[in-house]
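# generate a structure from the sequence data that follows.
(chains A and B)
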Amino acid sequence: MSTVRLVRGAAPMSGVRSVLGRALPVVVTAVVILGSWQLLVTVLDIPSFIVPAPVAVVSAFQAEFATIMSASVVTVQEVLLGLLLGAVAGVLVALALSRFPGMSAPVLTAAVIINCAPIVALAPIFNNWFGVTNLMSKAGVAAVMVFFPVLVNTTRGFLQVSPLHLEIMESLAAKPRQVALMLRLPNALPYLFNALKLGTTLAVIGVIVTEYFGGPSNALGVYIAYQAALPRFEYAWAGIAVASALGLLLFGVMSLLERLLMPWHESLHDRES
Amino acid sequence: MSEAAIIAVRGVNKEFTGGNRSVTALRDIDLTIDRGEFVSLLGPSGCGKSTLLRILADLTEPTSGTVSLNGKTPRAARTDRDYGMVFQQAGLFEWRTVQRNVELPLQVAGVDKQTRRAKAQEMLELVRLTDFSRHLPWQLSGGMQQRVAIARALSADPEILFMDEPLGALDEMNRERLQGELLRIWSDTRTTVVFVTHSISEAVFLSSRIVVMSARPGRIAASIDVDLPYPRTAATRTTEAFFAKVTEVRTALHGVPAEQEVR
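Residues are numbered from 1 along each chain as shown, chains lettered A, B, ... in the order given. Predicted coordinates:
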């Protein structure tokens, strides 16, 4: 029998070790940064309106845990709604564009140009359209921010199919519908997930910033802006930390989803590293 | 045209026009291939051997002349899935397992899932990759990927197998091993094979007949029967008859001006 290149999965021990090996530097870096931050604030007696000490932020988080968490729930709902709307709209328009490849180049160029505009500047407009306390005013901004990368990437994924694969389908006398389902769609998945991973970050930004302009009283962005105005900076920073954690968490979930839905994608990761 | 002919090419010309220049890729090609033959199209690069194969497979059209496949036009033969095709690169769908890659032609043809599965298993047995049916393409070596591509090309039981330098990307050792496998598969399935290559020894080892082509413009220079007995094995490569045939083919190849002819 011929030889197989078993690139991974050969030795589970080495897998555990490699995870540890990757996690350790991250942990060490975090501890060093937080430690020196704490040290600097304490030693130099930096006032909290510039930067509060990490310990103060943590105790603020503990003191208002329930409030911050319930605010996070509202914000997460807005982020997920925005992601969903933006992604669905992006994929649908990409599907339509891939039907008419001649149209795709000008439309994609327009999309890239529009995407350069600070979409988050639309926040006050969306608050007016849907009402400040309506979830849709936040999700709407997030959706617009997610829409463009999803549209551009997915369209590329549909169109940038290997000529060899296309020729194989042609030799099999495959119908256009079959080419779309069996070739273009799976080909676009890695492109779509790249856009979605970028999109989660964008959606969190869009929602938080829109909430700064007002929103349902128990939302994370509203909480941060309110605490900063009081001013209770430790609490504002606790809110910011949670917002960052949310972005990271959603990114992680999306990466996990990517691995589950595209087991073949492992190969790409291998080649990258 | 004889009774046994499965492929008939009559007066085929092919010109590529780009801008104000036009290049004659093929000139006055006449070729008849009988059912069950293993025919190699052999020639230097630029002799149009791949173009001729692509015309047979209806992946490009001749500028003039007629082609008949199984008594039909190439278009009809393609839509009836009368042929399977293997390219220089395996071109497996990286998101499909080996098994599902082999099933692809059957799935396109609308064959039900159970039949598809059984047929793919049978094909994987043929190329001796049963143990790898659940693997993904990237987990296989180049030679194994090419065997999957052969299984895929044969899964819908085509009468003709077109191969466009299928072993060209492999190293010498894998190449010779796969040549042996290919002959075994050919004798098991009795498919008619049209095989494009630029390797003389490969063509001699595999073919029942070699069509020697010359370049600029691509023409058929000679048709040489290879009467070495099947089954051919590694030992065949060391026989006097094998060397004699290689020499004969080489003479035919060099007897015609190839690259050096200027038009």
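# around chain A, pick out the residues from the stretch 51-200 of chain B.
Contact residues, the stretch 51-200 of chain B versus chain A (CB under 8 Å from any CB of the partner chain): B:57, B:59, B:78-79, B:81, B:83, B:85, B:87, B:89, B:91, B:93-96, B:104-105, B:107-109, B:128, B:131-132, B:135-141, B:143-144, B:174, B:177. Just so you know, the C-beta spots here come from the backbone N, C-alpha and C atoms, and that holds for glycine as well.
# let's see it at 7 Å
Within the stretch 51-200 of chain B, the residues that sit near chain A (CB under 7 Å from any CB of the partner chain) are B:57, B:59, B:78-79, B:81, B:85, B:87, B:89, B:91, B:93-95, B:105, B:108, B:136, B:138-141, B:143-144.
# any idea of the pLDDT on whichever residue of chain B sits closest to chain A?
Nearest to chain A in chain B, going by CB to the nearest CB, is B:Trp138, at a distance of 3.7 Å. With respect to pLDDT, B:Trp138 scores 90.
# again, but for B:Gly36
Note for B:Gly36: predicted pLDDT of 92.
# in three-state terms, label it for me.
Three-state call for B:Gly36 (DSSP: H, G, I helix; E, B strand; the rest coil): coil.
# who are the contact partners of it?
Shown in contact with B:Gly36 (CB atoms under 7 Å, 6 or more residues apart in numbering or on different chains): B:Arg190, B:Thr192.
# next one: it from B:Tyr230, what distance?
Distance, B:Gly36 to B:Tyr230, using CB to CB, to the nearest Å: 11 Å.
# which residues are common contacts for those two?
Common neighbours of B:Gly36 and B:Tyr230 are not found (criterion: CB under 7 Å, 6+ apart).
# my read: A:Ala89 touches A:Phe147, true?
Yes. Contact status for A:Ala89 versus A:Phe147: in contact at 5.3 Å, counting by CB atoms under 7 Å.
# which strand or helix spans the nearest residue to A:Met262 once chain neighbours are set aside?
Distances taken as CB to CB, 6 or more residues apart in numbering or on different chains put A:Leu189 closest to A:Met262, at 5.6 Å, once the chain neighbours are dropped. Using DSSP states H and E, A:Leu189 falls within helix A:185-212.
# can you tell me what sits against stretch A:158-176?
With CB under 7 Å, 6+ apart as the test, stretch A:158-176 has contacts from A:94, A:98, A:101, A:104, A:179, A:183-184, A:187-188, B:57, B:59, B:78-79, B:81, B:85, B:87, B:89, B:91, B:93, B:105, B:108.
# can you give the domain ranges for chain A?
Domains of chain A are assigned by automatic domain parsing as A:1-46, A:48-272.
# quick check: mean pLDDT of the last one?
Yep, that's domain A:48-272 we're talking about. Averaging pLDDT along domain A:48-272 gives 90.
# test my guess that A:Val152 contacts A:Ala110.
No. In this structure A:Val152 lies outside contact range of A:Ala110 using CB under 7 Å: 10.4 Å.
# of the two, who's got more company?
A:Val152 (22 against 11; other CB atoms under 10 Å in any protein chain shown).
# now do the host helix or strand of the more buried one against helix A:185-212, angle only.
In this structure, A:Val152 is located in helix A:135-159 according to DSSP H and E. With axes from the mean of the first three to the mean of the last three CA atoms, to 10 degrees as the basis, helix A:135-159 and helix A:185-212 are set at 160 degrees to each other.
# okay, buried residues for helix A:135-159 please.
Buried residues in helix A:135-159, counted by 16 or more other CB atoms under 10 Å in any protein chain shown: A:135-159.
# if we can go back for a sec, most packed of the domains of chain A?
Neighbour counts (mean count of other CB atoms under 10 Å in any protein chain shown) averaged over each of the domains of chain A peak at domain A:48-272, with a mean of 19.
# below-threshold pLDDT in chain B: ranges please.
B:1-3, B:256-263 (pLDDT under 70).
# what bridges to the residue sitting nearest the centre point of it?
For chain B, B:Met163 is the residue whose C-alpha lies nearest the centre (CA atoms, centre = their mean; 2.2 Å). For B:Met163, the beta-bridge assignment (DSSP bridges) gives partners B:Val86, B:Phe195.
# contacting residues for it?
Counting by CB under 7 Å, 6+ apart, the residues that B:Met163 touches are B:Val86, B:Val193, B:Phe195, B:Val196.
# could you do A:Trp37 as well?
A:Pro54 are the contacts of A:Trp37 under CB under 7 Å, 6+ apart.
# if I look at the residue nearest to A:Met262, how far off is A:Ala94?
Using CB to CB, A:Leu189 is found at 12 Å from A:Ala94.
# helix or strand for the nearest residue to A:Lys197 once chain neighbours are set aside, just tell me which one.
Of all residues not flanking A:Lys197 in the chain, A:Met254 sits nearest, at 5.0 Å (CB to CB, 6+ apart). Assigned by DSSP H and E, A:Met254 falls within helix A:233-261.
# what is that helix packed up against?
Contacts defined by 3 or more CB pairs under 7 Å, 6 or more residues apart in numbering or on different chains; DSSP states H and E place helix A:233-261 against helix A:54-63, helix A:65-99, helix A:185-212, helix A:220-229.
# repeat the analysis, applying 10 Å as the threshold.
If you count contacts as 3 or more CB pairs under 10 Å, 6 or more residues apart in numbering or on different chains; DSSP states H and E, helix A:233-261 packs onto helix A:54-63, helix A:65-99, helix A:185-212, helix A:220-229, helix A:266-272.
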